[in-house]
Every structure is written in C-alpha cells, then in structure tokens.
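Chemist: Mind folding the following:
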Amino acid sequence: MRSLVLLGITVTSMMIPSAKASICSNADSCLFTFDVHNNGPTTFGSGPYGTLSLTLNNVDHTILATIDLADGFGLINTGFPNGNGTTYAFGFNDNLGAADFNYGSYNPNTYGGGTTAAGAYQFDGFGDFDRAAAHTTLPNTGGANLVSFIITRTGGFNSVQNLVGANNNGLYFVADVFYNGTNTPGSCAADASCTGLIGVTGGGTATPEPISSALVGTGLISLFFIRRRAGKKA
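Modeler: Alright, predicted model coming up:
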C-alpha cells in the first residue's frame, strides 16, 4: 500500500509545473512581481508594488494581461514614453520582432491602447521597451489599482513567453504609477500623489492549468478511498 501511495503522489506531482520557471518559459499562465522603482525625484521604498499576470487563451490565442497594484498605487500616464508623441502607462519587451499587436477590452474602460508598432518606447530611468499599452489621460489621482486588457496579434500567440524579453537594463515590464496612500514609502509623503515608474526584474511564477489542478485533486481523492478500502479489508 505504501508503494501505491508513493506512486500516486509521484504521478500527481508530475502534473504540477515547476513553481519557479525561467521567466515562465512556454507557460500558459504566469505571475510577475513589480519589484523595483526608477531613480527619479520620488522613490517608493522597497516594494513589492504589485503583480502582473499573463494568461494565454488557447482558443483564440490571445493573452490577458492583468495589473494588480499594491494598496495606494494606481496605473497612470505621466508623459511616457519620452519623445513618442503618444503616451502610455505600461511597457513590455516581446520576442516576436515586428509582428502587429493590438490591445482591447480594457477594464476599466477609462484606459485604451490600440496598436503599437515595435519600436523604442523610452520610460525614463528604465530605458527602452519594445511595446507600450494603456493610454490614458486620467489625472494623477484617477488611476485604477486593478487594470486588465487583452493583447492580440496577427497569427495569435502560442505562449505567454512571447511577451517576455528583457531590455538592456534587465527589465521585462514597466508601469507608470502614482501613490497616494496613507503610508510613507521611500521619499513619497503620505497622501502626496507621488508619481514614478515601477518595473519587473525577476522571473515569474508559473501557475498550474485548471485541468492539471483538477487531476491532482482527483488523484488524491482516489488514493484516499483506496487506502480506506485496504484498511477495512485488514
């Protein structure tokens, strides 16, 4: 019986993706942490400042991006990318070259995006990023704490890894934010509506697909009843 239980645990464990994958290579769903701020006039302390999740839709081959910021932070546009003409609140690096991207289904709908061609979108202090999204004209205190949107491209995506590439400063994603919380992080005074940039420097955490989670649960339940039945026979 012990060997059977160990076999079941081994099988179910194999269904769970590695908790730490190298920048979530080939993952259908991945969570990243905003862990660094730029060295502008305002600093936000040590963070973390929120998360970014990327989820691949295997039916229409789009990617859902969800930015969930820490309490007191909001996603806002304060004039980046520099020199671009159109300003955005979010930037990332992709591995797809000049492929056409489009952004839509923003929630809340006070944000927008449209299409950005591959280029150099400069976010001050963090360098250039391949793409930009989340165009908004909201005032500094009007940015949302939770923002999601869908990214599409001609031919679709086959992995969230398509959107994960480091720039020359080793960053994968960047967000333009304000802070007007009640604490005093870094040099930002409480309720001061400080603005600045936050970025992602580390790898992401791969999350298991729902089907894998269901299989794991079913396997564990089955093992429970097998062991219970064996105990009754004894």
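Chemist: Show me the helices in the protein, by range?
Modeler: 2-14, 210-233 (DSSP state H).
Chemist: Lowest mean pLDDT among the helices and strands, pick that one out for this protein.
Modeler: Every helix and strand of the chain was ranked by mean pLDDT, DSSP states H and E. The lowest is helix 2-14, at a mean of 38.
Chemist: who does the most centrally placed residue in the chain bridge with?
Modeler: Centroid-nearest residue in the chain, with Cα atoms, centre = their mean: Leu52, separated by 2.2 Å. Taking DSSP bridges as the rule, Leu52 bridges to Phe32, Ile67.
Chemist: where does this protein have low pLDDT?
Modeler: 1-22, 83-84, 207-234 (pLDDT under 70).
Chemist: try it again with 90
Modeler: Along the chain, segments meeting pLDDT under 90 span 1-27, 38-47, 77-87, 95-100, 113-120, 124-125, 136-142, 168, 179-194, 202-234.
Chemist: And the strands in it?
Modeler: 29-34, 36-37, 50-57, 62-69, 73-75, 90-92, 101-107, 121-123, 127-129, 131-133, 146-153, 173-179, 194-200, 205-206 (DSSP state E).
Chemist: Next up, the contacts around Val174.
Modeler: Neighbouring residues of Val174 by Cβ atoms under 8 Å, 6 or more residues apart in numbering: Phe90, Gly91, Phe92, Phe123, Phe126, Phe129, Leu197, Ile198, Gly199, Val200. C-beta here means a position set from N, CA and C on the backbone, and glycine is covered the same way.
Chemist: Switch the strands of the chain over to JSON lines; also include distance to Val160.
Modeler: As requested, the strands of the chain are exported to JSON lines (distance: least, Cβ to Cβ, whole Å):
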{"stretch": "strand 29-34", "distance to Val160": "5"}
{"stretch": "strand 36-37", "distance to Val160": "21"}
{"stretch": "strand 50-57", "distance to Val160": "4"}
{"stretch": "strand 62-69", "distance to Val160": "6"}
{"stretch": "strand 73-75", "distance to Val160": "20"}
{"stretch": "strand 90-92", "distance to Val160": "11"}
{"stretch": "strand 101-107", "distance to Val160": "14"}
{"stretch": "strand 121-123", "distance to Val160": "20"}
{"stretch": "strand 127-129", "distance to Val160": "17"}
{"stretch": "strand 131-133", "distance to Val160": "14"}
{"stretch": "strand 146-153", "distance to Val160": "10"}
{"stretch": "strand 173-179", "distance to Val160": "12"}
{"stretch": "strand 194-200", "distance to Val160": "13"}
{"stretch": "strand 205-206", "distance to Val160": "9"}
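Chemist: Quick one: closest of those to Asn167.
Modeler: With respect to Asn167, and counting by Cβ to Cβ, the nearest of the strands of the chain is strand 127-129 at 5.2 Å.
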